[in-house]
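A.B. asks: how would this look folded up:
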Amino acid sequence: MTEPRFLIIARELDLKIDQVRLTALLLAEGATVPFIARYRKEVTGSLDEVAITAIHDRLEQLEQLDKRRTAILKSLDEHGHLNDALEATVRAATSLSELEDIYLPYRPKRRTRATMAREKGLAPLADILFAQKGSEPRAEALPFVDDAKGVESIDDALSGARDIISERVSEDQSVRGSLRLFFVKRSVVRSKLIPGQEEKGQKFRDYFAWEEPLSKAPSHRILALRRGENEGILTFRIEPPESEALALLETRVVRGTGADCDEVREAAHDSYRRLLGPSLETEIRVQSKHAADAEAIRVFAENVRQLLLAAPLGQKRVMAIDPGFRTGCKLVCLDPQGKLLFTDTVYPGQGQAKSDEAQRKLAEFVEHYDIEAVAIGNGTGGRELEAVVRSVVSASVDVVMVNESGASVYSASPIAREEFPDHDLTVRGAVSIGRRLMDPLAELVKIDPKSIGVGQYQHDVDQVALKGRLDGVVASCVNSVGVEVNTASKQLLTYVSGLGPQLAQSIVDYRDENGPFRTRLQLKKVPRLGPKAFEQCAGFLRIRDAANPLDRSGVHPESYAVVKRMAGALTSNVQELISDHGKLDGLDLTQFVSDQIGLPTLTDIRDELKKPGRDPRPEFEAFHYASGIDKITDLKPGMKLPGIITNVTNFGAFVDIGVHQDGLVHISQLADRYVRDPNDVVKVQQQVTVTVMEVDLARSRIALSLRQTPEGVD
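C.D. replies: Purely as a prediction, here's the structure:
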């Protein structure tokens, strides 16, 4: 790592260079983002996870840029092009596009029209014409006519010279830079229906004849147009007005009005249409895709974060039911730790006799297993089943509809087969629904985040970038909540700072062989869990029944000694100090500052001691759909209904109102004010009250509003 990189990042992120340098050093030493943000605030100047992640990502980008720079320098040297001036130019490049522009004239290339013209000896003629000193092109071209070289006429000579000029113009770094900026500012996105694809492409019908400035095209539209192109429904172009592009190009390369200038002008037009235009359009398409991917990934990551940090019901006895009125409803009973106690199938929708039997069984199981809550999947038949369950359980039992997106993916996964080798897919799916109510985070980490159902074109974006971002979000959520080491699954432990799949499995194996962990220090006995891994993970792992109260908290073991000194200063012990707000608030933290620990960490320790092991997630709040509104045909404009936000996109939010078809609150209907980013107004899993604006039965679309005075509804 070099100083210039740190300076670049510091300027881009508006940080101090020391913050970047020291954060980069911690990352290079193997520290994770959650660990640095939580336990190394003195080093970074209290940077949060967002800033640390931005430094990490930018370091990787600059590393890739340097790798490409090295490869280009090597190629230039091998082909005899490298000199001091060119090397300095390459080393000064600050972006990949600038680097590639510098390299373009020297890049080994296939035989082109310009190559063949040079082989015919026409380069000197191209130089004469490009100089634009008032020469007469046809007179200048006459000496280059040579049948032996394949130049049979003056027109052939001029044509070849123009080909050389065209290529020269297209490879000029300054020209490309100007036109690239022009493409970014003035390009228009256009799509058209491919003839004969109208019936097949109805989902793209809004884009059969679409046009808008690239600068205003939102990410979801770019991804939708690209999908339509990939499916053979649409043609998709990104290009600026050609007349303006040609005029701009002429100002860069044409320097007069003579006949030789006319030849250069013709060559420049050819260069744009045949070389520059297509090349820059490809480049802009790639850039727009990268930008759309980044925005879609950002939206998806934020949705996943909100879903993972949704309020947990907690450790209660739960009955979970996967609805299926035709094939039967799979029912499971779970203990407070999520252990499967019992499973059965009931048939509440198949005749009076079976319905009566189903109600009898439900009441019996609720009583026998002392059920405190019933989780019902929100799939087909879920609302009908909810009504049945509510009719047989007491008001003290919470009946909760649970979003079952991804449950089927989990039930068929190796993880589910490993957990429940003796049960089929339906049982595994029902267990997942119940556990998701008890602790969404602990259960959802077992499912590929792409399958959770809160994305925006997640299957169209860069999958490597998506996985990296989502893995980071999951790790951030897991570590912010903390993990009970004696009950956590291998999948949950995998995301703890400093662990990963192998160490997570080692912890589970050690736990199975030796019983529950009694202290955090016991983690050091886990095979292959060395000092660095212990440093990174220990603060995020909790031991609920530990004798040392600090092992139940978010205080890192490296700070236990200072906590003891705090207690001693108050003539108390650690156990008495915990949760005693009066003593903690009266503590002078400055007396404990040292070279190893500063005020930011001491303040965090005091806050943690006030509420040791606190869960940052909100309290669970039961939700009920409107009774009697079960199908889309039950909806009427003007109705006000309770709902739950299921997905947030750049163009609005989707809301589940209990009719098996989520409605859309367009961004313009999210609030009685202008909304730039829907995430500023709503979050996934948020409970809301919406107004029905419009119901399109033919397209199964529901338009909703969150405005206090929605427009368009009487």
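
A.B. asks: nearest residue to the middle of the protein?
C.D. replies: Closest to where the C-alpha atoms of the chain average out (Cα atoms, centre = their mean) is Ile297, at 2.9 Å.

A.B. asks: in terms of helices and strands, where is that one?
C.D. replies: helix 277-308 (DSSP states H and E).

A.B. asks: run the chain-centre distance for that helix.
C.D. replies: 9 Å (Cα atoms, centre = their mean, to the nearest Å).

A.B. asks: list the buried ones in it?
C.D. replies: Using 16 or more other Cβ atoms under 10 Å as the test for burial, helix 277-308 gives 277, 279-281, 283-285, 287-289, 292-293, 295-308. From N, CA and C alone the C-beta is placed, and that goes for glycine too.

A.B. asks: helix or strand right after it?
C.D. replies: Next along from helix 277-308, by DSSP H and E: strand 318-322.

A.B. asks: which outside residues touch that next one?
C.D. replies: Residues outside strand 318-322 that contact it (Cβ atoms under 8 Å, 6 or more residues apart in numbering): 329-334, 346, 362, 365-366, 369, 371-377, 379, 385, 389, 402, 404, 407, 426, 429-431, 433-435, 437-438.

A.B. asks: parallel or antiparallel, list what pairs with that strand.
C.D. replies: Take DSSP bridges as the rule and strand 318-322 pairs in its sheet with strand 329-334 (antiparallel), strand 373-377 (parallel).

A.B. asks: now render these as TSV, adding distance to Ile233.
C.D. replies: Below are those laid out as TSV (distance: least, Cβ to Cβ, whole Å):
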stretch	distance to Ile233
strand 329-334	39
strand 373-377	34
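
A.B. asks: hang on, Glu211 in a strand?
C.D. replies: Yes - assessed with DSSP: H, G, I helix; E, B strand; the rest coil, Glu211 lies in a strand.

A.B. asks: quick one: the nearest residue to it once chain neighbours are set aside from Glu119, how far?
C.D. replies: Leaving out its chain neighbours, the residue that sits closest to Glu211 by Cβ to Cβ, 6 or more residues apart in numbering is Arg190, at 5.0 Å. Noted for Arg190: a distance of 39 Å to Glu119, by Cβ to Cβ, to the nearest Å.

A.B. asks: so which of the two has more stuff around it?
C.D. replies: Arg190 (18 against 13; other Cβ atoms under 10 Å).

A.B. asks: now the more buried one: phi and psi?
C.D. replies: Dihedral pair for Arg190: phi -130, psi 140, per degrees, to the nearest 10.

A.B. asks: tell me what it is bridged to.
C.D. replies: Arg190 has the following beta-bridge partners by DSSP bridges: Glu211, Arg237.

A.B. asks: OK, contacts around it?
C.D. replies: With Cβ under 8 Å, 6+ apart, Arg190 has these contacts: 210-211, 236-239.

A.B. asks: okay, those in CSV with neighbour count, distance to Leu82 and pLDDT next?
C.D. replies: Shown next, in CSV, are the contacts of Arg190 (neighbours: other Cβ atoms under 10 Å; distance: Cβ to Cβ, whole Å; pLDDT from 0 to 100):
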residue, neighbour count, distance to Leu82, pLDDT
Trp210, 19, 47, 93
Glu211, 11, 46, 94
Phe236, 20, 40, 93
Arg237, 15, 38, 94
Ile238, 21, 35, 94
Glu239, 19, 36, 93
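
A.B. asks: buried ones in stretch 605-618?
C.D. replies: 605-606, 608-609, 612-613, 617.

A.B. asks: just give me the least confident of those residues.
C.D. replies: For the buried residues of stretch 605-618, the weakest pLDDT value sits at Gly613, with 79.

A.B. asks: that one touches Gly482, doesn't it?
C.D. replies: Yes - between Gly613 and Gly482 there is a contact at 6.4 Å, judged by Cβ atoms under 8 Å.

A.B. asks: show me the common contact partners of these two, please.
C.D. replies: Joint contacts of Gly613 and Gly482 (Cβ under 8 Å, 6+ apart) are 542, 554.

A.B. asks: give me the domain ranges for the protein.
C.D. replies: By the assignment in automatic domain parsing, the chain contains the domains 3-106, 113-300, 318-438, 632-705.

A.B. asks: now do the shortest one, average pLDDT.
C.D. replies: Averaged across domain 632-705, the pLDDT comes to 91.

A.B. asks: quick one: that domain to chain centroid distance?
C.D. replies: Per Cα atoms, centre = their mean, the centroid offset for domain 632-705 relative to its chain is 23 Å.

A.B. asks: got the end-to-end distance for that domain?
C.D. replies: 16 Å (Cα to Cα, to the nearest Å).

A.B. asks: what ranges do the helices span in the stretch 401-550 of the chain?
C.D. replies: 407-411, 414-419, 425-438, 440-444, 463-481, 490-494, 501-514, 531-537 (DSSP state H, counting those that start in this stretch).

A.B. asks: nearest to Arg11, out of those helices?
C.D. replies: helix 463-481 (24.0 Å; Cβ to Cβ).

A.B. asks: re the thing from before, separate out the buried members of the contacts of strand 318-322.
C.D. replies: 329-334, 346, 362, 365-366, 369, 371-377, 379, 385, 389, 402, 404, 407, 426, 429-431, 433-435, 437-438.

A.B. asks: first-to-last residue distance for stretch 615-630?
C.D. replies: By Cα to Cα, the extent of stretch 615-630 from end to end equals 35 Å.

A.B. asks: how about it: buried residues?
C.D. replies: 617, 620, 625-626, 629-630.

A.B. asks: what would the residues you listed look like in TSV with secondary structure and distance to Ile597?
C.D. replies: Shown next, in TSV, are the buried residues of stretch 615-630 (DSSP: H, G, I helix; E, B strand; the rest coil; distance: Cβ to Cβ, whole Å):
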residue	secondary structure	distance to Ile597
Arg617	coil	28
Phe620	coil	36
Tyr625	coil	51
Ala626	coil	54
Ile629	coil	57
Asp630	coil	58
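
A.B. asks: and of the residues you listed, the nearest to Asp262?
C.D. replies: Arg617 (72.0 Å).

A.B. asks: for the nearest residue to the closest one once chain neighbours are set aside, what are its contacts?
C.D. replies: The shortest distance from Arg617 to any non-neighbouring residue, by Cβ to Cβ, 6+ apart, is to Leu309 (5.3 Å). Neighbouring residues of Leu309 by Cβ under 8 Å, 6+ apart: 440-441, 477, 480-481, 616-617.

A.B. asks: and the helix or strand containing Gly582, what's buried?
C.D. replies: Using DSSP H and E, Gly582 sits in helix 581-585. Judged by neighbour count (16+ other Cβ under 10 Å), helix 581-585 contains these buried residues: 583-584.

A.B. asks: pull the distance from it to the chain's centre.
C.D. replies: Its chain's C-alpha centre and that of helix 581-585 lie 41 Å apart, by Cα atoms, centre = their mean.

A.B. asks: what's the answer for stretch 584-601, then?
C.D. replies: The chain centroid and the centroid of stretch 584-601 are separated by 37 Å, computed with Cα atoms, centre = their mean.

A.B. asks: kindly check the end-to-end length of it for me.
C.D. replies: Stretch 584-601: ends 14 Å apart by Cα to Cα.

A.B. asks: how about the strands in the stretch 101-250 of the chain?
C.D. replies: According to DSSP state E, counting those that start in this stretch, the stretch 101-250 of the chain carries its strands in the segments 188-193, 209-213, 234-239.

A.B. asks: in CSV, list those along with distance to Leu225.
C.D. replies: CSV is the format used below for the strands of the stretch 101-250 of the chain (distance: least, Cβ to Cβ, whole Å):
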stretch, distance to Leu225
strand 188-193, 5
strand 209-213, 7
strand 234-239, 5
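
A.B. asks: that concludes my questions; thank you for your assistance.
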